[in-house]
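Chemist: missing the sequence, but the structure's below:
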């Protein structure tokens, strides 16, 4: 049995709109396992991004628990939660949010130095990670505007990895990229996962879902099914057919 990294217990999230309560997540129980590549899918409004924000501590649930081991993160105060996220969570967004006035290397260092004051060690790790995702030394001094979309998102992945987080959370990481750049980013996420990194991705993209060990499907704030695909290999038609059959069953 795989080790559980994150576990939710009867997770609920509601918003008030026009004097009415909107229940976005409803008594949701979910476990995220160490080393898994988990994809969360569902129609627009199903609660995917809300769930991602709750799992990562970016937002607090209305009711229920989010636990990292024995730490109930929804009970942490604002500053303690910020420290916890820096040490345990990495984030990759659709809009990459690199700092325009800083070089590639400095963008990564800026995140790493929030946790460690050992600039030499952080710089060494940053350079190693950039090389691993195909961002070579001659590009480290470039500014974000000089990068392709795929390169910028790979820098975003390195930024997410720099503090050795327990989990990387990604919200539509290929959504703003063309198919070629999107494939580069998916290859990078797959390579990172093969080294044991836990990844949770919210997406509408079936190509992204095919990379997952496990696809969880949300409908109206509840889990209505999940599909175990196992370790990703390219050109695995049985895998593709299994996912397509699952998504059809879910009403995708």
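Modeler: That came in fine, so what should we check first? These figures come from a predicted structure and were not determined experimentally.
Chemist: low-scoring stretches of the stretch 51-200 of the chain, by residue?
Modeler: Within the stretch 51-200 of the chain, not a single segment meets pLDDT under 70.
Chemist: where do the strands of it begin and end?
Modeler: All strands of the stretch 51-200 of the chain, identified by DSSP state E, counting those that start in this stretch, fall at 63-68, 71-72, 89-93, 167-171, 198-202.
Chemist: and the third one, how far out from the chain middle?
Modeler: Pointing back at strand 89-93 there. Its chain's C-alpha centre and that of strand 89-93 lie 5 Å apart, by CA atoms, centre = their mean, to the nearest Å.
Chemist: quick one: that strand to strand 63-68, angle?
Modeler: For strand 89-93 against strand 63-68, the angle by axes from the mean of the first three to the mean of the last three CA atoms, to 10 degrees is 110 degrees.
Chemist: likewise for the last one?
Modeler: Counting by the same axes, to 10 degrees, strand 198-202 points 140 degrees away from the direction of strand 63-68.
Chemist: grab the nearest non-local neighbour of residue 181.
Modeler: Spatially, and ignoring its direct neighbours in sequence, residue 181 is nearest to residue 150 (3.2 Å; CB to CB, 6 or more residues apart in numbering). For glycine as for every other residue, the C-beta is placed from the backbone atoms N, C-alpha and C.
Chemist: out of the strands of the stretch 51-200 of the chain, nearest to residue 139?
Modeler: strand 89-93 (18.7 Å; CB to CB).
Chemist: what's next to the closest one, contact-wise?
Modeler: Residues from elsewhere that reach strand 89-93 (CB atoms under 8 Å, 6 or more residues apart in numbering): 56-57, 153, 156-157, 159-163, 165-173.
Chemist: same check on stretch 152-159?
Modeler: By CB under 8 Å, 6+ apart, stretch 152-159 touches 90, 92-93, 96-98, 104, 107-108, 111, 126, 129-130, 133-135, 144, 147, 168, 173-174, 177, 181, 184-185, 188-189, 192.
Chemist: picking that back up, winner for burial among the strands of the stretch 51-200 of the chain?
Modeler: Compared across the strands of the stretch 51-200 of the chain, strand 198-202 shows the largest average neighbour count, a mean of 26 (mean count of other CB atoms under 10 Å).
Chemist: just checking: what are the partner strands of it?
Modeler: Sheet neighbours of strand 198-202, with direction, are listed as strand 37-42 (parallel), strand 167-171 (parallel) (DSSP bridges).
Chemist: take these and lay them out in CSV including distance to residue 220.
Modeler: Shown next, in CSV, are these (distance: least, CB to CB, whole Å):
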stretch, distance to residue 220
strand 37-42, 9
strand 167-171, 20
